[in-house]
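Colleague: When you get a sec, could you give me coordinates for this:
(2 chains)
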Amino acid sequence: MTPVLSDSQVDETIAKFKKILEDSKAEIVYQNKWKLRKLAYPIQKKSTGMYQVIEFKAAPSIISNLEREYRLDDRIIRFLTIALDKHGVEYNIKKRETTSTKEKEVKEENKKEKKTSKKEEEISAKNNEKDLIKSEEPIKESKKEGSKEGSPESV
Amino acid sequence: MLVNESINRDRTPEKKYCRFRKFGIKYIDYKEHDFLLQFVNEQGKVLPRRYTGNSAKYQKKVCQAIKRARHLAILPFTTDELK
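Modeller: Sure thing, here's the model as predicted:
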């Protein structure tokens, strides 16, 4: 089965948004790709999607630009940008530490899967963590969701 | 001699507690599907505080996490047979 939305196209989309972040001098802390996931309800008639989580630190002014880019891109179906408070940051750090030490992964972080969708759209969920230059700053998390229509039985 | 059974016969209700406060959990991740299923009924609706025993503060956080998860299609808005 030939995947229509190949890994390279997904990576391209992710790279595009990373570039936007880097141009505005955001610090990317962490990024994570989930495997192709079944959506809880169909979005744009699609039942599966690719998720991407990006945590970054940036000044507040770039967020509106970033979200505008998300809306314009056809490959992104849903996105969510949130501000992470200090508990959220701690939680994420802790989570990363435990996942790197453990061999087996039960949670979303370590799953990787090939895409077998037929359409060219992809969803990536991004986690963005935002931090201003000063000591205490609000942190944002943004999540993008891209979807691809998957065939019922993946091959 | 016939005696009627007394109502409320020596029944002390179970002590309910807020699991977040008890275990010191401060942040509820909206990305965790399995964890959030505990606070949602079979139809996908959020369970009230009196069932789950959450304190008001954490109930709000749970609610917010569930709504974010619904936006990202991690949890459904409404369904049957969720569990």
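Colleague: Partner strands of whichever strand or helix holds A:F56, with direction?
Modeller: If you go by DSSP states H and E, A:F56 is part of strand A:46-57. Applying DSSP bridges, strand A:46-57 is found paired with strand A:27-33 (antiparallel), strand A:37-43 (antiparallel), strand A:139-148 (antiparallel).
Colleague: tell me which residues in stretch A:83-90 are buried?
Modeller: In terms of neighbour count (16 or more other C-beta atoms under 10 Å in any protein chain shown), stretch A:83-90 has its buried residues at A:A83, A:L84, A:G88, A:V89. C-betas here are computed from N, CA, C, even on glycine.
Colleague: Can you pick out the most distant pair from those residues?
Modeller: A:A83 and A:V89 (10.5 Å; C-beta to C-beta).
Colleague: Which strand or helix spans A:F17?
Modeller: Assigned by DSSP H and E, A:F17 falls in helix A:7-23.
Colleague: So what angle separates the directions of that helix and strand A:46-57?
Modeller: For helix A:7-23 against strand A:46-57, the angle by axes from the mean of the first three to the mean of the last three C-alpha atoms, to 10 degrees is 30 degrees.
Colleague: Can you list the buried residues in helix A:7-23?
Modeller: For helix A:7-23, burial by neighbour count (16+ other C-beta under 10 Å) applies to A:Q9, A:V10, A:T13, A:I14, A:F17, A:K18, A:I20, A:L21.
Colleague: pretty sure the fourth one contacts A:Y51?
Modeller: Spelled out, it's A:I14. No: if you go by C-beta atoms under 8 Å, A:I14 and A:Y51 don't touch, sitting 11.1 Å apart.
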